[in-house]
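>>> following is a predicted model, sequence given first.
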Amino acid sequence: MNRLLVTFAAPLLFCCCSPAFAQPTDAAGWFEQGRQALEAARARTPNNGKARNVILFVGDGMGVSTVTAARILEGQQRQVDGEGNRLSFETLPYLAHSVTASANQQTSDSAPTATAMVTGIKANDGALSVTQAVGRNEPSAEVIAQQSVTSILEQAEQRGMATGLVSTARVTHATPAANYAHIGNRDWEGNAALPAGATVKDIARQLLEFPHGDGVDVVLGGGRSFFLPEQSQDPEYPEHSGKRTDGRDLTQEWLAQPGARYVWNRSQFDALDTSAAGPVLGLFEPSHMKFEADRAGDGAGEPSLAEMTRTAIELLQRNENGYYLMVEAGRIDHAHHAGNAYRALTDTIALSEAVAVARELSSAEDTLIIVTADHSHVFTQAGYPMRGNPILGLAATEAGPMKDALGLPYTTLGYANGPGFAADGDRHEFTGEEGQYRAAEFSGDKARPDLSAVATTAPDYVQESAVPMLSETHAGEDVAIYASGPKAHYFAGTLEQNVIYHIMAEALELR
Ligand SMILES: [Zn+2]
């Protein structure tokens, strides 16, 4: 048997863009593909050097089923073999499982999981970078100070490194906030949310009054309203005003720093001179930025996650002491909560593009890149569809859609719970922004809809769920950690999520 019949373009294995693995067409091809993976494993040498830079990518809610479905969708969009396709971060050489349970919950939210990744300890649900001794509604700044745990970003600042935070969610949302804020309640993003008499500072204010090093150097994302006073109109949506009731305009306070810049729309972002010194704040929406699927329709324009990642790295790499950058694809989670696989997967593909940019702009010699999720979602890929079947479509073979026990077709993708529980297929429609999930007309009629004539591949289609819930939930199973660069080989086996911090600190030789 000639095992060289099928040739592979080996350089593709190391390409930053999503590689297209040609689907083998016979046994010799599959065997050769497996053998080449063995060759790659043989050639792999651990990098025991010191990391100059660390880039931590977090796909919020990006469980393993999300990665698999996104890899297939991305391949199918490019008309290559989806099942054999790999997202950019799936070609990183090292992998581990991350156990995401928090100090007090089996299934976690994004606050203790981000805390685990950036401080090295596990905390309670809702808590940002404080110990589990802190209650969710702890109002005392003194108690919070006593129970605060230093984050990797704070340590990097103390050492004179450059630091940056990029997110498609609000920059005061749990994942970015755990890097700079210490608080019992992740929802205290602006001062108006604080209980009367509380002395702890709100999250946006903690970013502005950050006491380590020269402050966070680059902050790009959403969440303008927690920086603007209620007296001021939003620049993009004049009908909206700021949410601060203390009269402070934190964007103006940011600009008081030497060389500081503040941008809030696409053209200002594009005009940023990344060779100039001074901190950069970009806030592109009053709340979260748009889903990638909706970004082109934004009035003032928004940069993509990949574009923000590029700008952040260009700004941070000017520092000769290296940099720490956290990049969050923050809205994979929100699309899943809405039961809308299309937006969750297209935001995952946007994360893949951002990781490709980071790999292009950095070297695996001196930069530790980690790509992981904070927690999973109850999202599943089911049935026995044939290879190449549209991932957003009905589970089908060459004979047509497969049928359930009632004789009805079903989609490959679905949720264990969420808003997609309804007897009427017409109701399966995405309604947009967070918190506006359909007040589902969940009836007692539990028959499934007949999807024969429903466009399940349409962007607004909401996949079915087994249990009716207005907001689909997180899931408790492990998520993956992908890594390359110095000490990346320490990512092996099943690790508690807080080990991520310890490996980053070890790679940077922080202690
Ligand atoms: Zn969530």
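Nice, I can see it. Residues are numbered from 1 along each chain as shown.
>>> point out where this protein drops to low pLDDT.
The model of the chain has pLDDT under 70 over residues 1-21, 422-429, 431-446.
>>> pick out the residue nearest the middle of it.
G59 (2.3 Å; Cα atoms, centre = their mean).
>>> check contacts around it.
66-67, 328-329, 332, 348, 351, 371-373 (Cβ atoms under 8 Å, 6 or more residues apart in numbering). For the C-beta atoms, the positions are set from N, CA and C on the backbone; glycine is no exception.
>>> so which of the residues you listed belong to helices?
Judged by DSSP state H, the contacts of G59 include 66-67, 332, 348, 351 as members of helices.
>>> which one of the contacts of G59 is nearest A466?
Set against A466, the nearest of the contacts of G59 by Cβ to Cβ is T66 (18.0 Å).
>>> so how far is S465 from that closest one?
T66 is 16 Å from S465, where distance means Cβ to Cβ, to the nearest Å.
>>> neighbour count: the two, which is higher?
More crowded of T66 and S465, by other Cβ atoms under 10 Å: T66, with 27 against 23.
>>> the residue nearest to the centre of the chain pairs with what?
A329, A373 (DSSP bridges).
>>> tell me how far it lies from T168.
Counting by Cβ to Cβ, the gap from G59 to T168 is 11 Å.
>>> between the two, which contacts overlap?
With Cβ under 8 Å, 6+ apart, G59 and T168 have common neighbours 328-329.
>>> quick one, what contacts A198?
Contacts of A198 (Cβ under 8 Å, 6+ apart): 139-140.
>>> pretty sure it belongs to a helix, no?
No. Counting by DSSP: H, G, I helix; E, B strand; the rest coil, A198 is not part of a helix but coil.
>>> which parts of this structure belong to which domain?
53-378+479-508, 394-472 (automatic domain parsing).
>>> how distant is the longest one from the center of its chain?
The gap between the average C-alpha position of domain 53-378+479-508 and the chain average comes to 8 Å, counting by Cα atoms, centre = their mean, to the nearest Å.
>>> please apply the same query to stretch 501-509.
21 Å.
>>> check which residues of it are buried.
For stretch 501-509, burial by neighbour count (16 or more other Cβ atoms under 10 Å) applies to 501-508.
>>> which of those residues fall in helices?
Reading helices off the buried residues of stretch 501-509 with DSSP H, I get 501-508.
>>> distance to Q36 for the residues you listed - can I get that in a markdown table?
As requested, those are exported to a markdown table (distance: Cβ to Cβ, whole Å):
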| residue | distance to Q36 |
| --- | --- |
| Y501 | 35 |
| H502 | 34 |
| I503 | 29 |
| M504 | 31 |
| A505 | 35 |
| E506 | 32 |
| A507 | 29 |
| L508 | 34 |
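>>> do a quick rundown of the strands in the stretch 251-400 of the chain.
Ranges of strands within the stretch 251-400 of the chain are 261-263, 280-283, 323-329, 367-373, 376-377, 379-381, 396-397, 400-401, based on DSSP state E, counting those that start in this stretch.
>>> contacts only, for A354.
Residues in contact with A354 (Cβ under 8 Å, 6+ apart) are 57, 304-306, 308-309, 327, 329.
>>> mind redoing it with 10 Å?
If a contact means Cβ atoms under 10 Å, 6 or more residues apart in numbering, then A354 has 55, 57, 59, 88-89, 166, 168, 304-310, 312, 327-329, 371 as its contacts.
>>> re the thing from before, now for the strands of the stretch 251-400 of the chain, which one comes closest to A37?
strand 367-373 (19.6 Å).
>>> next, the angle from that closest one to strand 323-329.
Orientation of strand 367-373 against strand 323-329 (axes from the mean of the first three to the mean of the last three Cα atoms, to 10 degrees) gives an angle of 20 degrees.
>>> buried stuff in strand 367-373?
367-373.
>>> same check on stretch 141-151?
Of all the residues in stretch 141-151, those buried under the rule 16+ other Cβ under 10 Å are 143-144, 147-149, 151.
>>> looking at these, which is nearest A276?
Using Cβ to Cβ, these come closest to A276 at S151, 27.0 Å.
>>> leaving out sequence neighbours, find the closest residue to that closest one.
Distances taken as Cβ to Cβ, 6 or more residues apart in numbering put V118 closest to S151, at 4.5 Å, once the chain neighbours are dropped.
>>> in contact with the one you found, which residues?
Taking Cβ under 10 Å, 6+ apart, one finds 56, 58, 128-129, 149-155, 175-176, 178-180, 324, 326, 498, 500-501, 504 in contact with V118.
>>> quick one: buried residues of stretch 315-326?
Those would be 315-317, 319, 322-326, for stretch 315-326 by 16+ other Cβ under 10 Å.
>>> need the residues you listed in JSON lines with distance to F491, can you?
Shown next, in JSON lines, are the buried residues of stretch 315-326 (distance: Cβ to Cβ, whole Å):
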{"residue": "L315", "distance to F491": "27"}
{"residue": "L316", "distance to F491": "23"}
{"residue": "Q317", "distance to F491": "24"}
{"residue": "N319", "distance to F491": "26"}
{"residue": "G322", "distance to F491": "20"}
{"residue": "Y323", "distance to F491": "20"}
{"residue": "Y324", "distance to F491": "17"}
{"residue": "L325", "distance to F491": "18"}
{"residue": "M326", "distance to F491": "17"}
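>>> and of those residues, the nearest to G135?
For those, the nearest to G135 is M326 (26.6 Å; Cβ to Cβ).
>>> report the separation between the closest one and R343.
Distance from M326 to R343, by Cβ to Cβ: 22 Å.
>>> could you do R511 as well?
In terms of Cβ to Cβ, R511 sits 41 Å off from R343.
>>> before we move on, what about A358?
Taking Cβ to Cβ, one finds A358 at 23 Å from R343.
>>> again, but for A507
34 Å.
>>> one step back: and the domains of the chain: which comes nearest P385?
So among the domains of the chain, domain 394-472 is nearest, using Cβ to Cβ, at 4.2 Å.
>>> what about D249, neighbour count?
15.
>>> swap that for S471, sorry
Neighbour number of S471 under other Cβ under 10 Å is 15.
>>> G420 is in contact with that one, correct?
No. Counting by Cβ atoms under 10 Å, S471 does not reach G420; the two are 11.5 Å apart.
>>> what's the overlap in contacts for those two?
When contacts are counted by Cβ under 10 Å, 6+ apart, S471 and G420 are jointly contacted by 338-339.
>>> and the helices in the stretch 1-150 of the chain?
With DSSP state H, counting those that start in this stretch as the criterion, the stretch 1-150 of the chain has helices at 27-43, 64-77, 110-119, 141-147.
>>> out of those, indicate the one that is most buried.
Mean neighbour count, computed with mean count of other Cβ atoms under 10 Å, is highest for helix 110-119 among those, reaching a mean of 30.
>>> and that helix with strand 323-329, angle?
Using the same axes, to 10 degrees: helix 110-119 against strand 323-329 is 160 degrees.
>>> with just CA atoms, put helix 110-119 into CSV.
Output in CSV follows, covering the C-alpha atoms of helix 110-119 (Å, rounded to 0.1, in the frame of the first residue of the first chain):
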residue,chain,number,x,y,z
SER,A,110,-18.0,34.0,35.1
ALA,A,111,-16.9,35.8,38.3
PRO,A,112,-15.2,33.0,40.3
THR,A,113,-14.0,31.3,37.1
ALA,A,114,-12.2,34.5,36.0
THR,A,115,-10.9,34.9,39.6
ALA,A,116,-9.5,31.4,39.5
MET,A,117,-7.7,32.0,36.2
VAL,A,118,-6.1,35.4,37.2
THR,A,119,-5.5,35.0,41.0
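>>> distance between the ends of stretch 46-64?
25 Å (Cα to Cα, to the nearest Å).
>>> quick one: buried residues of it?
For stretch 46-64, using 16+ other Cβ under 10 Å, the buried residues are 47, 51-64.
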